[in-house]
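**Student:** structure of the sequence below:
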Amino acid sequence: MTTQEIFKHIDHTQLKAFATWEDIKKLCEEAILYHTASVCIPPCYISRIKEAYGDKVNICTVIGFPLGYSVTAAKIAEAKQAIADGASEVDMVVNITDVKNGRFEEVLREISAIKSAVGHKILKVIIETCYLTKEEKIKLCEIVTKAGADYIKTSTGFGTGGAKIEDIQLFKAHIGPNIKMKAAGGVKTRADLEMFLNAGCDRIGTSSAISMLTQEKSDLTY
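**Tutor:** Got it, this is the predicted structure:
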């Protein structure tokens with residue numbers, strides 16, 4: 001797998017609470033240079049990026065982030081505002097308290113409502129695997145599929161653990177045929193990137209893609 005091919009699957013990410021506009025501009029310029037799938041950034045920067053870069057970057061943002069326990073109405077409002085501001089992709093965190101309480105109908109309703117709010121734009125559902133049992137992960141694969149989301153995503157990167165290959169393998173066995181997979185959190189090497197992509201992930205969220213992939217530049221032609 002070439003470096004260029006890998007970059008096409010990267011959500012180039014900067015979600016630190018103290019991310020400055022200079023940090024965000026650097027991220028966007030790197031995304032343009034290396035042709036990443038998107039930039040994944042805080043919602044407060046969406047309109048500013050859109051104004052500065054137009055359609056040169058594909059904007060992904062996060063809602064209910066990183067803990068997931070915002071009320072559904074707040075998440076819907078966040079999602080609608082994100083799309084109105086110029087985002088094309090929304091990564092939402094499920095209500096993990098509902099999952100742990102076995103309130104799966106509530107989880108389904110919330111994801112369905114947010115998908116309705118974003119319409120034809122892409123919705124990725126972060127289930128935060130580090131907090132879940134195998135049974136809960138399987139149940140969420142079924143719910144994400146039924147709700148009509150576009151992706152299931154492992155992690156926020158802010159939990160107690162990140163993406164694991166065994167979770168991607170579990171997802172692959174239990175999601176519907178139209179659901180894609182995103183790994184995020186703890187992806188630190190080129191070997192990790194290739195492992196997750198070869199396992200079937202369509203996207204990988206990381207803030208380290210540039211450093212991971214530009215050590216060897218022989219297959220870059222930018």
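
**Student:** which residue ranges of this protein form strands?
**Tutor:** Per DSSP state E, the chain carries strands over the ranges 10-13, 38-41, 59-63, 89-93, 122-126, 151-153, 180-184, 203-206.

**Student:** now tell me what touches stretch 116-125 from outside.
**Tutor:** 60, 76, 79-80, 82-83, 87-92, 94, 111, 114-115, 140, 144, 147, 149-153, 182, 203 (C-beta atoms under 8 Å, 6 or more residues apart in numbering). For the C-beta atoms, the positions are set from N, CA and C on the backbone; glycine is no exception.

**Student:** what's the answer for stretch 63-74, then?
**Tutor:** Contacts for stretch 63-74 (C-beta under 8 Å, 6+ apart): 15, 43, 75, 78-79, 82, 90-97, 109-110, 113-114, 126, 128, 156-159.

**Student:** which of the residues you listed are buried?
**Tutor:** Neighbour-count burial (16 or more other C-beta atoms under 10 Å) applied to the contacts of stretch 63-74 gives 15, 43, 75, 78-79, 82, 90-96, 110, 114, 126, 128, 156-157, 159.

**Student:** counting neighbours, what do you get for the residue lying closest to residue 195 once chain neighbours are set aside?
**Tutor:** Sequence neighbours aside, residue 165 is the residue nearest to residue 195 in space, at 6.1 Å (criterion: C-beta to C-beta, 6 or more residues apart in numbering). Residue 165 has 14 neighbours, counted by other C-beta atoms under 10 Å.

**Student:** residue 165 touches residue 199, doesn't it?
**Tutor:** Yes - contact criterion C-beta atoms under 8 Å: residue 165 and residue 199 qualify, at 5.9 Å.

**Student:** give me every residue that touches the nearest residue to residue 207 once chain neighbours are set aside.
**Tutor:** Take residue 207 and drop its neighbours on the chain: the residue closest to it by C-beta to C-beta, 6+ apart is residue 13, 4.7 Å away. Residue 13 is in contact with 27, 39-41, 157, 184, 205-207, counting by C-beta under 8 Å, 6+ apart.

**Student:** now do 10 Å
**Tutor:** The contact partners of residue 13, taken as C-beta atoms under 10 Å, 6 or more residues apart in numbering, are 27, 36, 38-41, 60, 62, 91, 157, 184-185, 204-209.

**Student:** return the residues in contact with the residue sitting nearest the centre point of the chain.
**Tutor:** Nearest to the mean C-alpha position of the chain, counting by C-alpha atoms, centre = their mean, stands residue 91 at 4.9 Å. Residue 91 is in contact with 11, 13, 15, 38, 40, 60-65, 82, 122-126, 151, 153, 156, 182, 184, 203, 205, counting by C-beta under 10 Å, 6+ apart.
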